[in-house]
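S.K.: 3D model of this:
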Amino acid sequence: MDLATDADIRHAPDVLERLVATAQRRRRDLVSIMARLRCETGFEKLLIPAFTYFFAGIYGFGATANDRSRVAGAAGGCVLVRRTLLERAGGMAAIRDAVIDDCALARVCKDAGGRLWLGYDPGVESTRGYPTLAALWDMVARSAYTQLRRNPLILLGCVAGLAYVFFLPWFAMVMGSPTDRVLGLVAYAAMVRTYVPMVTWLGCRPAWALALPVSAALYTAMTVSSAVRHHHGHGAAWKGRAYRVEMTPEHRPSPGPSTQSSRPA
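M.R.: Numbers count the residues shown, from 1 in each chain. Here you go, the predicted structure:
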């Protein structure tokens, strides 16, 4: 099996052994670990747990591991893949122009019949920081619209969904009738309850989970910003490289019967 990892990932000494054991025990051809991202500054604590939370919400880990599901997710910081599967999927050349290369790799591997697994491991940590709002904004905006297949209707649905799930309960608590306020509080409490494990996993105090609607509002703005950049001709850019619409495999027809799934920023 081949291991692909980013230069800014710190691995515990026994991580590779655990990855191989997971692949063998679960009979998987591709095992990927969502690295623990750095959360030190205020903006990192506000937005990084939400990034992982939204990613896990759309690229469901259980759905990724379900061989009958079309969902295919991976985290590029740590990917162990069987070489025979990689060759069958077309190798790294199959994703050479992808903006979201990790999930593009998962997609082509699943289309080629690979069995995937995506999860967490405390021994895989990112050393890269996004200390400012500007850094986080660019990180998300570079690929958010690509994840929505550059489709205005999907963007509209995404914004409406975020508003309904994350903003409506808060609005009901502040502006609604007494009954609406109770229902809004219950919905807000449930939202926070699902978010606390992610916040604490990344080393933040549980109180940061209370700010999830604020985090969702910022991610909504980043996603809209990504679409505005695209329609102004800027497209996606990363580390000085620009990507044209027609070059991204995320939007080409899949070679197998599956269709491309979407991913959050």
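
S.K.: Quickly note the distance from S126 to A163.
M.R.: Going from S126 to A163 by Cβ to Cβ, to the nearest Å gives 30 Å. Every residue, glycine included, has its C-beta placed from N, CA and C.

S.K.: With neighbour numbers in mind, choose between the two.
M.R.: The residue with more neighbours, out of S126 and A163, is S126; 19 against 14, by other Cβ atoms under 10 Å.

S.K.: Give me the phi and psi for the more buried one.
M.R.: phi -90, psi 140 (degrees, to the nearest 10).

S.K.: Could you pull up the residues touching it?
M.R.: Neighbour list for S126: D6, D8, I9, R10, A35, R36, L37, R38, G77 [criterion: Cβ atoms under 8 Å, 6 or more residues apart in numbering].

S.K.: thinking the fourth one is in contact with T127, fair?
M.R.: Yes: with contact taken as Cβ atoms under 8 Å, R10 and T127 are classed as touching, separated by 5.5 Å.

S.K.: The residue lying closest to M173 once chain neighbours are set aside: neighbour count?
M.R.: Among residues not flanking M173 along the chain, G184 sits closest, at 3.9 Å (Cβ to Cβ, 6 or more residues apart in numbering). Neighbourhood size, G184 [other Cβ under 10 Å]: 19.

S.K.: contacting residues for G184?
M.R.: Contacts of G184 (Cβ under 8 Å, 6+ apart): L168, P169, W170, F171, A172, M173, G176.

S.K.: let's go with 7 Å and repeat that
M.R.: The neighbourhood of G184, defined by Cβ atoms under 7 Å, 6 or more residues apart in numbering, consists of P169, W170, A172, M173, G176.

S.K.: Just the buried ones from the residues you listed?
M.R.: Among the contacts of G184, the ones that count as buried by 16 or more other Cβ atoms under 10 Å are P169, W170, A172, M173.

S.K.: my guess is the second one contacts Y188, does it?
M.R.: Pointing back at W170 there. Yes: when contacts are counted by Cβ atoms under 7 Å, W170 is listed as touching Y188 (6.4 Å).

S.K.: From the centre of this structure, point out the most distant residue.
M.R.: Most distant from the centre of the chain: P178, at 36.8 Å, with distances by Cα atoms, centre = their mean.

S.K.: Tell me how far that one lies from Y59.
M.R.: From P178 over to Y59 (counting by Cβ to Cβ), the distance is 39 Å.

S.K.: for Y164, same thing?
M.R.: Y164 sits 21 Å away from Y59, going by Cβ to Cβ.

S.K.: same question, G90
M.R.: Taking Cβ to Cβ, one finds G90 at 21 Å from Y59.

S.K.: same check, this time on K45
M.R.: Taken as Cβ to Cβ, the span from K45 to Y59 is 23 Å.

S.K.: neighbour-wise, which of the two wins?
M.R.: Y59 (24 against 20).

S.K.: circling back to that earlier point, I'd like the contacts of G184 as TSV, with pLDDT appended.
M.R.: Below are the contacts of G184 laid out as TSV (pLDDT from 0 to 100):
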residue	pLDDT
P169	96
W170	93
A172	96
M173	95
G176	94
